[in-house]
Structure formats: structure tokens, C-alpha cells
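> Sequence and predicted structure are below.
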Amino acid sequence: MGDIFSSLGLVVVGIAAFAAVIGGLYWLASQLPEPWRERARTVVFLGPGLLLLLGLVLPALINFRLAFYDRNGDWYGFGNYRDIFTSSNNIEVLMNTLWWGILVTGASTVIGVVIARFADRMRGEPIAKAAIFLPTAISMVGAGIIWNFVYSPREYGLLNSMIGLLPGEQDIQFFLQDSKLLGIDNQWIPGLNSLLIMVVIIWIQAGFATVVISAALKGVPDDLVEAAKIDGATDRQAFFRVVLPYIKGTIITVVTTIVIAVLKIFDIIQTMGKGGSFGTSTMANEMYEQAFPQDNEGLGAAWAILLFLAVAPIIYVNARNQRAMRGAR
Amino acid sequence: MSTLTMNNLQKKYPNGFVAVPGLDLHIDDGEFLVLVGPSGCGKSTVLRMVAGLEDISGGDLLIDDTRVNDKGPQERDIAMVFQSYALYPNMTVEGNIAFAMKLRKTDKGQIKQKVAEVAELLELTQVLDRKPGQLSGGQRQRVAMGRAIVREPKLFLMDEPLSNLDAKLRVQTRAEIAKLQRRLGVTTMYVTHDQVEAMTMGDRVAVLRRGVLMQCAAPSTLYESPDNLFVAQFIGSPSMNVVRGVVRSAGEEGIVLEVAGQSLALTGAAAQRMAGLAKYGGQEIAVGIRPEALGGDGEGQITVAVDLVEMLGSEKLVHASIDAVAVRAIDTGVEIGTGTSSTMIASLDPRRDVRVGERLTLSVDTMRVHAFDLQTGAAIGRS
């Protein structure tokens, strides 16, 4: 108990000290004559941000350099990148990440649209949406542990217990066993274990998608749908040709947000995939696994660079979409 | 070529509110009918029931003698222009106009040709590839019209299509819509709260109050012979002056009304058109005189005290007080004012010199005096 209070005390003292420094500098800046006063104030408020940015950019540059060295710290050129794109294990990781991006984003968004559409103006809609949104509040690690109970074998596993109730002999130890999907051994398709973990993230992200899309649906003017119906559209045609295009910007935001979250997926792979074993590894997971447990900093750094390159264009699309949405208003 | 018939059309909401207790109305082929009334009178509800956007609680709705109560808006072959225009923001002007035809899988060449025709008619050719967001208010309004016209529907429905335009454009567009409707000859039902729009555009005007039809007639009939106090005061701007008066005598030789302690004699034709007043001998009634019936030619006279003079250029509006209680039609019936005096408005020749504070004797055109029952608000006419 005493520890908590002393830690809290430290936090308070730290924040107070920071505020005092900024406040003091601001006061000093205010003493200057114009035009220097305004400039000095800008520097005071911008300074901490710039320092933090430095703390972000500097490691990124160091990481970029690190990616050209091998595990012994010798110059390796583009060797790490070559290894990533040639070794079959690494191609599996790349493919897994790609499938994560496609399947989880696609499923979450589609589920979000479907639930948002059918829950719209339903009785008890707020309660239903709260229930759907709830998983978003759970930490990935927590979600991983909950779903391990669902997938684990024999009497512990919810899913297995249910399968076991079916007549005949059932294969109830499927999770984290063989990675093949339906017995097909192919590095281009996702393994069963990956798919089972994806379900968890879909469960989480669909809630986010539902809530955001539902809010957008409420912003569609009734007149538009009515006009479409008078023009001869069925409910479905009105939805697909008028309502969905109207909320296109929101859907792009949802898709890009989920893609970014999913490409960086790491913690759930650690908790459910035993650190990326059984064919479940993804780029972010591999970045960590190589850099730390495997002690190959160069390869880990190369994964980090690739991950950055994969996410950057999506962030660009997102930013452009945000601008377009602002422009439309 | 279509007609629209409403037989005892009703709208009741689940919470028990009755918006339309039972409406009987018929619109002839090619006719332009304007549904007018104060806000909340149920006119938009009626329009939405005709469009199929609102369920019908009772009665029959017939388009071309076919009962369409249970048909969806898609199956009624109608077109509607919304107050907000409801243009599809993701489609170009061309896409908006062509949407209904695309849904019906009309041949592409034919769509192109029809869109071009309509665009030409509405002067939209230059903006066909623009999105609604890039158009002016007037252009958006025309796109909404185009979307309705291009389908050649049985019925046009318009829900206050001019209320988002500025005053000048509204007057111009008002005339254009009326001209267009006459040219196309499509049966049209037009909803507005603006009585000037109603009077200028409609072949006939239906005045609605709390879902009840007060009168449906040609604009001139509504203006000259309103059926009741509500219509009398709703139609015309400034509104008809109505005050409490007494029927002093009513007989063969004529009628004498007393208004504000002054006698107003109606003789000859003026008495004949008010023959119904015979039954009201000695009783109080509501006497209505339009601002235009004061101060011109007329046999009667009334003296008032001038409070305010408004010079409008084409006319001079004189607000004057008179020692009579005002009578007003309200939502639930007739309201008799409190106090002993009220304000009358007279529309006079702008060249006439009128000073604030002076006592002014105005002539009254006795052929244009109206009388209403104080309890029911019904007009008292020949019988």
C-alpha cells in the first residue's frame, strides 16, 4: 500500500515539476518585448514536443542503420532483407501478415456494417451495441487468455467440449497442433492456428467497426433513402447505392484503422500462438522474436523497417480521406 | 394521364395522435393542386401517405382508380421533390437524374438521350458532370425537378420545394415550376405553408387545419368567398380584418351591421349576397373586411384612428385602431379577443396623404364585406 502511495506521490511531483518548468519558461518568455515574446512562447510550448519527436526519430534512424548488420554486428548489406524474402519460414510470416490484413479487416468491417444496419433503430439498440463494443475494451493479452479457454483441449476447452458432444469419435485437439488448414500444406494460404487467432481479433475489431459505422448511419438523411425508394429502389438497392456511398469516408477510416492495428499485431500472437510457433507468426511478432529472444538485432531491425513501409501508405490514405471528409462538410 | 383520389384517408399514430382524421380529396388528370396550411396541419403527412412513405391508417388512396394503400413507393409510379432536394451526393447531376432509369435497367442510349433532354429543358447541360455539392441552391432545385420529370411519372409530389431558396429566386422558380407543370400536364400535388405560393401556382388550393380540409377551391374563390373564418384569415396578405359586430336589422330593404359603434348598411346586391344574416337579427357576428376593400370605391364608411403608416411603394398600409374586439381563427375554433379595441389594416393608394394620429374615415366596399358565425366560424352567405 505504501509503495503505491509513494509511486503516486512521485508521479504527482514529476508532473508538478514539469508544469513548473514550462510555467516558469512561459513567464520568462512573457517578459520579453514584442516580437520576441510571441516567438519565445511558441518555442516554450513546441519545445517538449520537438524533444519527444527527437526521441522517436533518433531510434528510427539507428534502427535503419542496424538493419544492415548481421547477428554478429558485421556489415551485411541488404542481406537481412534478402533473407526475409527468400526463406520459406519468413515468407510464411509475410503471408500470414497479409492474410491478417485482408481477412480480419474485411470480416470486421463487413460484420460491423451488417450489425450496424440491422441494429439501427431496433429496440434495445444501445444495449446491443454496448455488448458488441465491450470486447474492444479488453486487452489483447486478456482476450488471448479468455480464448485459450475456448480453444484448449478436452474438458478445459469450451469449443472442444461442444465438439465432443457430437456423436462418434471427434478430433478435439486441433488448436496449436498441426498448422495445416483442412490438411492442405501450402505456404500461400493461412494455417488453421492463424485463422483461430484471427477470430479473436475480429471479435474485438467488429465492435469498433459497428459503433463507428452505426454512428455514421445515423447521419444519413432519411430523405435520401426515401428519394431512392420513390425512384424505385428496393431496400437493398437503396442501402448499397445510396447509403453505403454516403458513409464511404467513415468506412475508409474504419478499414485503415483496423489494417494498421492488424499489421502491427503482436501481443495476441505472443499469448495464443506461443510466441509465433505453429505457423502463427506475423511481422511485428517476428521483429520482436528476432531482435530479442533470437538475439539477431539486424534481422529484427529489417522486419521493423518492412513493417513501417507496409503501414506508411495506409496512414497516407487515411490522412487523405480525413481531409476529403472535412472538405465534404 | 392520372387522377388521384382520397376517400376518408386517415393517419393515426401508435401513441394515439390523430394527424389526419379523414380526408376526402380528388385531383383531376393534369391538375395542379396545392395543399396549404399552417405548420403541423398534416399536409406533409398527407403527401407522404400518397408517396407511400407513411402507412395509411384507414380509408382508400386511389391512383387512376386503383387502390394503392398497400403498395410501396416503388410500385406507385410517382416522383417526388423534397424540401431538402435529397440529391444523392455521391452521384453527378447526370447520375442523379438517371438513377431511377438505371434501376429499371433502361437502355443506356435511351437514358443518355432522356437525361440530355431534361438537362436542356432545365438548363443543366453545363453542370451534368458536377456533384450536387458543387451546385448553387437554384441548380440543386432544378436537378431535383429533373429527377422527377425524367421518369414521366403518373404523379408529381412536391414538398415545399422552394423553401430553401432566397426570396428573389423563389418568385422566379415558382413561375417556372407552374409553367413546366402546365407544359408537361402531369397531375401534381404540391405542399406549402406559403399562401402566396398556393394562390399563384395552384389550379385549386386545398386548405388544411389539423388534418381537416377547410376548403378546396380555385384561388379566386378562396379569396373572394371563403367558406369559413380560418380560410378567410389564412388566405391573403395582409390578412383579413375581422372584428366583432352586431346585426342591427336584416330584412327586405337591406341589412344594417354595427361595427365599433358605427353603422354599416348593406343594400341591393351587397345585401342579397349576405341574405343568410336574416337569421342573425340582433345577434353578434364576426365581420370581415379585407385591407383592399377599405379606402377605395364603396358605399359604406368607417372611421378609425391611424397608428402607423407603412409605405410599400405600390400601396400604403395603414394600421389603425378601431373600438371593436378582434376575432381570430385558431387551431381549435374561433377566439374572441380581449379588451375593447383592435387593429385594422387598410391598403390605400400610395399617393393618399395619411398622418399618424389622425382620425380617418375610410370607405368600405360593401360587396366585399364578409360575415362569420361567432361560434363555428362558418361563413354566412346567401342562405
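Received it, and whenever you're ready, just let me know what you need. Residues are numbered from 1 along each chain as shown, chains lettered A, B, ... in the order given.
> pLDDT wise, what is A:D178 at?
For A:D178, the pLDDT comes out at 68.
> Give me the helices and strands touching the helix or strand A:L53 falls within, please.
According to DSSP states H and E, A:L53 maps onto helix A:36-66. Applying 3 or more CB pairs under 8 Å, 6 or more residues apart in numbering or on different chains; DSSP states H and E, we find helix A:36-66 packed against helix A:2-31, helix A:297-328. All C-beta spots, glycine's among them, are computed from the backbone N, C-alpha and C.
> Summarise which helices and strands the helix or strand hosting B:Q141 is packed against.
Following DSSP H and E, one finds B:Q141 within helix B:137-149. Helices and strands touching helix B:137-149, by 3+ CB pairs under 8 Å, 6+ apart, are strand B:78-81, helix B:93-103, helix B:108-121, helix B:167-184.
> Send over that helix as PDB, restricted to the C-alpha atoms.
Presented in PDB, the C-alpha positions along helix B:137-149 are these (Å, rounded to 0.1, in the frame of the first residue of the first chain):
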ATOM      1  CA  GLY B 137     -29.200  26.300 -54.500                       C
ATOM      2  CA  GLY B 138     -31.200  27.100 -57.600                       C
ATOM      3  CA  GLN B 139     -29.300  24.500 -59.600                       C
ATOM      4  CA  ARG B 140     -29.900  21.800 -56.900                       C
ATOM      5  CA  GLN B 141     -33.600  22.600 -57.000                       C
ATOM      6  CA  ARG B 142     -33.600  22.100 -60.800                       C
ATOM      7  CA  VAL B 143     -31.800  18.800 -60.500                       C
ATOM      8  CA  ALA B 144     -34.400  17.700 -58.100                       C
ATOM      9  CA  MET B 145     -37.000  18.700 -60.600                       C
ATOM     10  CA  GLY B 146     -35.100  17.000 -63.400                       C
ATOM     11  CA  ARG B 147     -35.000  13.700 -61.400                       C
ATOM     12  CA  ALA B 148     -38.800  13.900 -61.100                       C
ATOM     13  CA  ILE B 149     -39.500  14.900 -64.700                       C
END
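> residues contacting A:Q294?
A:G300 (CB atoms under 8 Å, 6 or more residues apart in numbering or on different chains).
> what are the phi and psi angles of it?
phi -90, psi -10 (degrees, to the nearest 10).
> could you measure it against A:G275, distance?
In this structure, A:Q294 and A:G275 are 10 Å apart, going by CB to CB, to the nearest Å.
> do the same with B:I330
To A:G275, B:I330 is 79 Å away according to CB to CB.
> Please pull up the helix or strand immediately following the helix or strand harbouring A:L244.
Using DSSP H and E, A:L244 sits in helix A:244-246. Sequence-wise, the next helix or strand downstream of helix A:244-246 (DSSP H and E) is helix A:248-263.
> how far does the next helix or strand after that next one sit from the chain's center?
Tracing the chain past helix A:248-263, the next element assigned as helix or strand by DSSP H and E is helix A:267-272. Offset of helix A:267-272 from its chain centre (CA atoms, centre = their mean, to the nearest Å): 13 Å.
> can you check stretch A:240-251 too?
With CA atoms, centre = their mean, you get 23 Å for stretch A:240-251.
> Same check on stretch B:224-239?
10 Å.
> Start and end of that stretch, how far apart?
When the termini of stretch B:224-239 are compared using CA to CA, to the nearest Å, they are 13 Å apart.
> Show me which positions of that stretch end up buried.
B:P226, B:D227, B:N228, B:L229, B:F230, B:V231, B:A232, B:Q233, B:F234, B:I235, B:G236, B:S239 (16 or more other CB atoms under 10 Å in any protein chain shown).
> Mind checking what secondary structure B:A278 has?
helix (DSSP: H, G, I helix; E, B strand; the rest coil).
> Touching, it and B:E253? I think so.
No - taking contacts as CB atoms under 8 Å, B:A278 lies outside contact range of B:E253: 11.8 Å.
> Can you work out which residues contact both of the two?
Counting by CB under 8 Å, 6+ apart, nothing touches both B:A278 and B:E253.
> I'd like to know how many residues surround B:Q139.
The tally of other residues near B:Q139 (other CB atoms under 10 Å in any protein chain shown) stands at 18.
> Once you drop chain neighbours, what's closest to it?
Spatially, and ignoring its direct neighbours in sequence, B:Q139 is nearest to B:V127 (6.1 Å; CB to CB, 6 or more residues apart in numbering or on different chains).
> how much does the helix holding A:L53 deviate in direction from helix A:297-328?
On the basis of axes from the mean of the first three to the mean of the last three CA atoms, to 10 degrees, helix A:36-66 is oriented at 140 degrees to helix A:297-328.
> buried set for helix A:36-66?
Going by neighbour count (16+ other CB under 10 Å), the buried part of helix A:36-66 is A:A40, A:R41, A:V44, A:N63, A:L66.
> list the buried ones in the helix holding A:L244?
Within helix A:244-246, the residues scored as buried using 16+ other CB under 10 Å are A:L244, A:Y246.
> that older thread, which of B:A278 and B:E253 has more neighbours?
Taking neighbours as other CB under 10 Å, B:A278 and B:E253 compare with B:A278 leading, 16 against 10.
> could you measure that one against B:G251, distance?
B:A278 is 7 Å from B:G251, by CB to CB.
> Tell me how far the closest residue to B:V364 other than its chain neighbours lies from B:F234.
Leaving aside its sequence neighbours, B:V364 sits nearest to B:G300 (CB to CB, 6+ apart; 3.5 Å). Per CB to CB, B:G300 is found 25 Å from B:F234.
> can you check B:V93 too?
Taking CB to CB, one finds B:V93 at 37 Å from B:F234.
> Check A:I91 too.
Separation of A:I91 from B:F234 (CB to CB) stands at 79 Å.
> distance of the residue nearest the centre of chain A from A:G144?
Nearest to the geometric centre of chain A sits A:A261, at 1.2 Å (CA atoms, centre = their mean). From A:A261 over to A:G144 the distance is 15 Å, taken as CB to CB.
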